[in-house]
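[1] fold the following for me, if possible:
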Amino acid sequence: MELHADKKLAIFSLSHLAVDFACFFLLMGSYSRSMPDINHIGVGFLLYNFIAFALQIPFGYLADLKSIRLTGLTMLGCLLVAAALLLPISWPWVALCVCALGNALFHVGAGIDSLVNAAGGFSRSGQYISFGAVGVALGTVTGRTDLVPRWAILLVFVVLVALQWVICASDRPPCSAAFSLRFAHTLRDDVVVYLSMLGIVIRALVGATLVVSWKGSPWMTILPALCVFAGKWLGGCCADRLGARGTAVVSLALSAPLLSFFSDNIALCCAGLLFFNMTTSITLCVISAKLPENPGFAFGLTTLVLFVGSTIGAFIVLPAPVLPVTHLLLIALSAILSLIIAPKRITA
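    From the prediction side, this is the model:
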């Protein structure tokens, strides 16, 4: 059973990378080149984010309500993303909406799997969500340069969908197993969920407003993504072994000065990005623990507030001298929230 769960995790993680890669390959490639100006591109990205992130909450709720098989969602999501790559270049808005819809459906299905098979820990969710950052970066680089032919991407999706069908299709509906993390809080469950959501909004705000001046060349686009990848993966592992509260508070405390005052230094900023992203799986699992019978809704809730925070951050323009202090205060507030909501240890 454990080996089967590990195989599923590997397939869904690689599929996560492929889905985000394909979406940004399209967004940064044919879509952006077909738009007449930067305003149209901005509207398109906002629409993409709304469909891909905000719609995960109704999709997740329906998955919980109807007990839909996870592979039905993940395979449909992959097929929609692949279909978007086949659409004519003269249909950029249709392709954008189709790939965003596929992204949302895949993330809900695989996200539920990462929670209901978590065995009371953070590591599985941390590993699954970490692959998206690499996919976005690689898709951005290759989409701008047309380094990868579309037939090669489609071939990858054929293989991944086949693997999902063979390895994962025999699973029971997702709600047959609830997320099993159990820990005590003096706060009401709804308060813990709201505070966790606020922490995610803060993380999105910092990410959207952080100025990384050295991220220009292809390698310097991929390097920060690798740090985010490592941070999300390590955060789940450390939370299981060292405790979620200590992991969250220490990692945020280390990231605060690095991101606030040294974002122009490649090494220090990369370290800051790694530490900053170590809380990602913790907030996801804390929310899921308070909604144990609704893993799809819980996962969608995190992506909805991520969309809200990123959108707010995209429209905020702060003077450069104010940014370091603003980031420092936001990350400090996030650390305080983690001190309140994160469990010291797991009691599954």
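[2] got any ranges where this protein has weak pLDDT?
    1-4, 36, 169-186, 345-348 (pLDDT under 70).
[3] separation between the spatially most central residue of it and Leu274?
    Geometric centre of the chain, nearest residue: Ile129, 5.1 Å, by CA atoms, centre = their mean. Ile129 sits at a distance of 15 Å from Leu274 (criterion: CB to CB, to the nearest Å). In short, each C-beta sits where N, CA and C put it, glycine included.
[4] do Leu234 as well
    Going from Leu234 to Leu274 by CB to CB gives 7 Å.
[5] more crowded one of those two?
    Taking neighbours as other CB atoms under 10 Å, Leu234 and Leu274 compare with Leu274 leading, 24 against 21.
[6] wait, that one touches Lys232, no?
    No - under the criterion of CB atoms under 8 Å, Leu274 is not in contact with Lys232, lying 9.2 Å apart.
[7] what is the neighbour count of Leu205?
    Neighbours of Leu205 using other CB under 10 Å come to 22.
[8] wait, what's in contact with it?
    Contacts for Leu205 were tallied using CB atoms under 8 Å, 6 or more residues apart in numbering; they are 309-310, 312-313, 316, 330.
[9] over to Asp190?
    Contacts for Asp190 (CB under 8 Å, 6+ apart) come out as Lys290.
[10] i'd like the first residue to be 657 from this point on
    Noted, 657 is the first residue going forward, which turns the last one into Asp846.
[11] tell me the phi and psi of Ile724?
    With angles defined as degrees, to the nearest 10, Ile724 sits at phi -70, psi 140.
[12] cool, and Phe778?
    The phi/psi pair for Phe778 (degrees, to the nearest 10) reads phi -100, psi -20.
[13] same thing with His983?
    Torsion angles, degrees, to the nearest 10, at His983: phi -60, psi -40.
[14] so how far is Thr865 from it?
    Look at His983 and Thr865: by CB to CB, they are 7 Å apart.
[15] same question, Ala895
    Applying CB to CB, the value for Ala895 to Thr865 is 26 Å.
[16] kindly report the same for Gly902.
    According to CB to CB, Gly902 and Thr865 sit 27 Å apart.
[17] could you do Gly782 as well?
    As for Gly782, its distance to Thr865 is 25 Å (criterion: CB to CB).
[18] neighbour count for those two, which is higher?
    Gly782 (28 against 18).
[19] what's the neighbour count on Pro977?
    Residues lying near Pro977 (other CB under 10 Å) number 7.
[20] then the one 10 residues further on?
    Using other CB under 10 Å as the criterion, Ile987 is surrounded by 25 other residues.
[21] next up, identify which helix or strand Leu810 is on.
    Using DSSP states H and E, Leu810 maps to helix 806-819.
[22] buried residues in the following helix or strand past that helix?
    Toward the C-terminal end, the helix or strand that comes next after helix 806-819 (DSSP H and E) is helix 845-865. Under the neighbour-count criterion of 16 or more other CB atoms under 10 Å, helix 845-865 has 848-849, 851-863, 865 buried.
[23] got it, and stretch 690-703?
    Of the residues in stretch 690-703, those buried (16+ other CB under 10 Å) are 690, 697, 700-701.
[24] turn those residues into TSV, columns for secondary structure.
    Shown next, in TSV, are these (DSSP: H, G, I helix; E, B strand; the rest coil):
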residue	secondary structure
Ser690	helix
Ile697	helix
Gly700	helix
Phe701	helix
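[25] now distance to Gly795 too, for those, in JSON lines please.
    Putting the buried residues of stretch 690-703 into JSON lines (distance: CB to CB, whole Å) gives the following:
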{"residue": "Ser690", "distance to Gly795": "17"}
{"residue": "Ile697", "distance to Gly795": "16"}
{"residue": "Gly700", "distance to Gly795": "15"}
{"residue": "Phe701", "distance to Gly795": "13"}
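[26] between those, which sits nearest Leu665?
    The closest of these to Leu665 turns out to be Phe701 (CB to CB; 29.7 Å).
[27] which one is the closest one nearest to, not counting chain neighbours?
    In this structure, Phe701 finds its nearest non-sequential neighbour in Leu683, 6.9 Å apart by CB to CB, 6 or more residues apart in numbering.
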